[in-house]
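Engineer: how would this look folded up:
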Amino acid sequence: MTPGLTRRRALVTGGAKGIGLAIATRLHAQGATVTILGRDAAALASSGFAWRMCDVTDADALTSAIAEAGPFDILINNAGGAFSAPFARHTHADWNAMLAVNLTACFTACHAVLPGMVAQGSGRIVSIASTAGLKGYAYTAAYCAAKHGLIGLTRALAIETARSGVTVNAVCPGFTDTALVDRAVETIAGKTGQSADSARQALARLNPQNRLIAPDEVAEAVAFLCTDAAAGFTGQALVVAGGEVM
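Structural biologist: Numbers count the residues shown, from 1 in each chain. Model prediction:
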């Protein structure tokens, strides 16, 4: 069994749905006190966790929310978003939006929690990146660039904090059975004329196990990285993708 997280305070951004909710649930089951951030008031209120409404792309709002709800021993940078279009149709607005939610928000959150973690001599930061942070996918240039940047940020902070008792890691899921993939399926089906089932199967086939990853699988990897047993793991990009990336 994964060692407990009793007396640890955890913050999960984008924690009301999908992977974020699975992570919040797993950390709570291990004994952590969990606060989640998000933009959907109804989903936040029904989550069962302490919560605050917050758009993570608003740096001032995110910094204030962390200061008011913290301090935290664990930060999970989960909030994110994807955009798909041929590169020629990527606008500067699309580019900036992908960087804002997938990279800059993580910078802001890390900036807010790291001083306290370093001061107490312990802490865990885990960012949900993607296999798109380790390889390229067509039609997702801005998303891939942002996720590659997130892994770079993770590695840089891991080196900088290596002697502080803080670890900084990323988890890189492949295509995961969430609403984000549902939207991708709708887009693929709409553009190609194939059925939603066929589009979903095409995404599943990218995984050598021929399936979508379950949110709980990602949550298990995150929970392990938050434990004392994972003290030797820092600067890592842990892939949960059935062998798609090795």
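
Engineer: Where does pLDDT dip in this structure?
Structural biologist: Applying pLDDT under 70 to the chain flags the ranges 1-3.

Engineer: tell me what the longest helix along the chain is packed against?
Structural biologist: Counting residues, the longest helix in the chain under DSSP state H turns out to be helix 141-160. If you count contacts as 3 or more C-beta pairs under 8 Å, 6 or more residues apart in numbering; DSSP states H and E, helix 141-160 packs onto helix 92-99, helix 105-120, strand 123-128, strand 166-173. (Each C-beta comes from the backbone N, C-alpha and C, glycine too.)

Engineer: hmm, who's touching it?
Structural biologist: 77, 82-84, 87, 90, 94-95, 97-99, 101-103, 106-107, 110, 114, 125, 127, 129-130, 132-134, 136-137, 167-170, 172, 234-237 (C-beta atoms under 8 Å, 6 or more residues apart in numbering).

Engineer: try stretch 27-36
Structural biologist: Against stretch 27-36 from outside (C-beta under 8 Å, 6+ apart): 2-16, 20-21, 24, 44, 47, 49-52, 69, 72, 74, 76, 222-223, 226-227.

Engineer: same thing but 7 Å
Structural biologist: Residues outside stretch 27-36 that contact it (C-beta atoms under 7 Å, 6 or more residues apart in numbering) are 2, 4-6, 8-12, 15-16, 20, 24, 44, 47, 49-52, 69, 74, 223, 226.

Engineer: Could you pick out the buried ones from those?
Structural biologist: Neighbour counting by 16 or more other C-beta atoms under 10 Å classes 5, 8-12, 15-16, 20, 24, 44, 47, 49, 51-52, 69, 74, 223, 226 among the contacts of stretch 27-36 as buried.

Engineer: For Leu11, what are phi and psi?
Structural biologist: The phi/psi pair for Leu11 (degrees, to the nearest 10) reads phi -120, psi 130.

Engineer: Gly190 and Thr178, how far apart?
Structural biologist: 19 Å (C-beta to C-beta, to the nearest Å).

Engineer: just to revisit the earlier point, pick the most buried one from the helices and strands packed on helix 141-160.
Structural biologist: strand 123-128 (a mean of 28; mean count of other C-beta atoms under 10 Å).

Engineer: packing partners for that strand?
Structural biologist: Counting contacts by 3 or more C-beta pairs under 7 Å, 6 or more residues apart in numbering; DSSP states H and E, strand 123-128 is packed against strand 74-77, helix 105-120, strand 166-173, helix 215-225.

Engineer: Please export the C-alpha coordinates of the last one as PDB.
Structural biologist: Below are the C-alpha coordinates for helix 215-225, written out as PDB (Å, rounded to 0.1, in the frame of the first residue of the first chain):
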ATOM      1  CA  PRO A 215      -8.100   8.800 -14.600                       C
ATOM      2  CA  ASP A 216      -7.500   6.600 -11.500                       C
ATOM      3  CA  GLU A 217      -4.300   5.200 -13.000                       C
ATOM      4  CA  VAL A 218      -3.000   8.800 -13.300                       C
ATOM      5  CA  ALA A 219      -4.100   9.500  -9.800                       C
ATOM      6  CA  GLU A 220      -2.200   6.500  -8.400                       C
ATOM      7  CA  ALA A 221       1.100   7.700 -10.000                       C
ATOM      8  CA  VAL A 222       0.500  11.200  -8.600                       C
ATOM      9  CA  ALA A 223      -0.200   9.900  -5.100                       C
ATOM     10  CA  PHE A 224       3.000   7.800  -5.100                       C
ATOM     11  CA  LEU A 225       5.100  10.900  -6.100                       C
END
